[in-house]
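>>> need coordinates for the below:
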Amino acid sequence: QVQLVESGGGLVQAGGSLRVACVASGVTLSSYNMGWFRQAPGKEREFVAAISWSGGSTYSADSVKGRFTISRDNAKNTVYLQMNSLKPEDTAVYYCAAGRGFVYSISGYQLWGQGTQVTVGS
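Numbering: from 1, shown residues only. Just a heads-up that it's a prediction; the model follows:
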């Protein structure tokens, strides 16, 4: 059974840090681009960051540039999102995804996790 499972979400105060992780089972992530998306209540799911299958290229939304860093460990079949200088507007459910399409688009990903809640208090 193919699964992506996110972990590491939680409650943090503004200015704090969190690292969320996405572990895959039933699939080898090394041939996929990996992305993180987020969805806040009442809003559409939006792109946060992505990393190419080799790890050689990374992509970030303007809203998180300089604060969030995506990385991957193919040996552990895991992708990470390090989030620093968190703001209340970063509050959302964070989803990881694996795909072989356009990294900025939801449609570029074929596999999705269930999400992990990140809440940033003011």
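
>>> for the protein, what spans make up the strands?
Here the chain has its strands, by DSSP state E, at 3-7, 10-13, 18-25, 33-39, 46-51, 58-60, 68-73, 78-83, 92-99, 111-112, 116-121.

>>> mind putting these into TSV with distance to S105, mean pLDDT and mean neighbour count?
Where C-beta positions appear, they are placed from N, C-alpha and C, glycine not excepted. Shown next, in TSV, are the strands of the chain (distance: least, Cβ to Cβ, whole Å; pLDDT from 0 to 100; neighbours: other Cβ atoms under 10 Å):
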stretch	distance to S105	mean pLDDT	mean neighbour count
strand 3-7	18	97	17
strand 10-13	28	98	13
strand 18-25	18	97	19
strand 33-39	9	98	24
strand 46-51	7	98	22
strand 58-60	11	98	16
strand 68-73	16	97	18
strand 78-83	18	98	23
strand 92-99	9	98	23
strand 111-112	13	98	17
strand 116-121	21	98	17
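
>>> how about the most centrally placed residue in the chain, what does it touch?
Nearest to the geometric centre of the chain sits W36, at 2.5 Å (Cα atoms, centre = their mean). Residues near W36 by Cβ atoms under 8 Å, 6 or more residues apart in numbering: 20, 22, 48-50, 70, 79, 81, 94-97.

>>> separation between it and A50?
Shown here: W36 relative to A50, a distance of 7 Å by Cβ to Cβ, to the nearest Å.

>>> which residues do those two both contact?
Common neighbours of W36 and A50 (Cβ under 8 Å, 6+ apart) are I70.
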